[in-house]
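Novice: Curious how this folds, go ahead:
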Amino acid sequence: MDKLKSVLSGEEARREDRSVLQTVNEASSLSWATRIKGFIACFVVGAACTVLGVCVLFLPRIGLTLFIVFYTFGNICALCSTMFLMGPVKQLKRMCDKTRALATTFMLTCLVLTLCAAFWWKNFGLALLFCILQVLSFTWYSLSYIPCVREAILKLVSMCIK
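Specialist: Predicted coordinates:
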């Protein structure tokens, strides 16, 4: 019955004009309390995975592999936790802004390359290098959300080099 009313009133035509992203964004409307709970839960899982990864690092034979898996999964959870605050569509749009597109690309590439180095190439030295690059790229990506911080850091580094 509601469908018939929306067709007859012309609302259906307006709904078809919306993009897929707008439809997804409207469908994922959570209350602010639910968003905060989701953010905290996802962030705590991410932090716990990171800490667990560091704890298992020194286990014989499988420690490094478990570290890489837990550390990478922890970073993915931490990244996904912010999607609860902004919504997935808005988060993805902000990740692809011109100010942070390079940082996003580098960060996601490091996540993938870490797993490839550990499981596909079986080169744990390279996997550790990519873990270090994950830390640096995730930090650089996070700093892109604070206005003017990255520019200030670049100026500070250029002053130290001179």
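Novice: switch to C-alpha atoms for all contacts and neighbour counts from now on
Specialist: OK.
Novice: Any figure for the gap between the residue nearest the centre of the chain and residue 154?
Specialist: By Cα atoms, centre = their mean, the chain has its centre lying nearest to residue 79, at 2.7 Å. According to Cα to Cα, to the nearest Å, residue 79 and residue 154 sit 24 Å apart.
Novice: Okay, now the unreliable bits of this structure?
Specialist: By pLDDT under 70, the weakly predicted segments of the chain are 1-28.
Novice: which residues in it form strands?
Specialist: Taking DSSP state E, the chain contains no strands at all.
Novice: where exactly do the helices run in it?
Specialist: 2-9, 11-16, 20-27, 32-55, 63-86, 88-95, 101-115, 124-143, 149-161 (DSSP state H).
Novice: Just give me the neighbour total for residue 69.
Specialist: When neighbours are counted by other Cα atoms under 10 Å, residue 69 registers 17.
Novice: Tell me who's in contact with residue 96.
Specialist: Neighbouring residues of residue 96 by Cα atoms under 8 Å, 6 or more residues apart in numbering: residue 104.
Novice: 7 Å - rerun?
Specialist: Counting by Cα atoms under 7 Å, 6 or more residues apart in numbering, residue 96 touches no other residue.
Novice: where does it fall, phi/psi-wise?
Specialist: Reported as degrees, to the nearest 10, the phi and psi values for residue 96 are phi -100, psi 10.
Novice: Brilliant, that's me finished.
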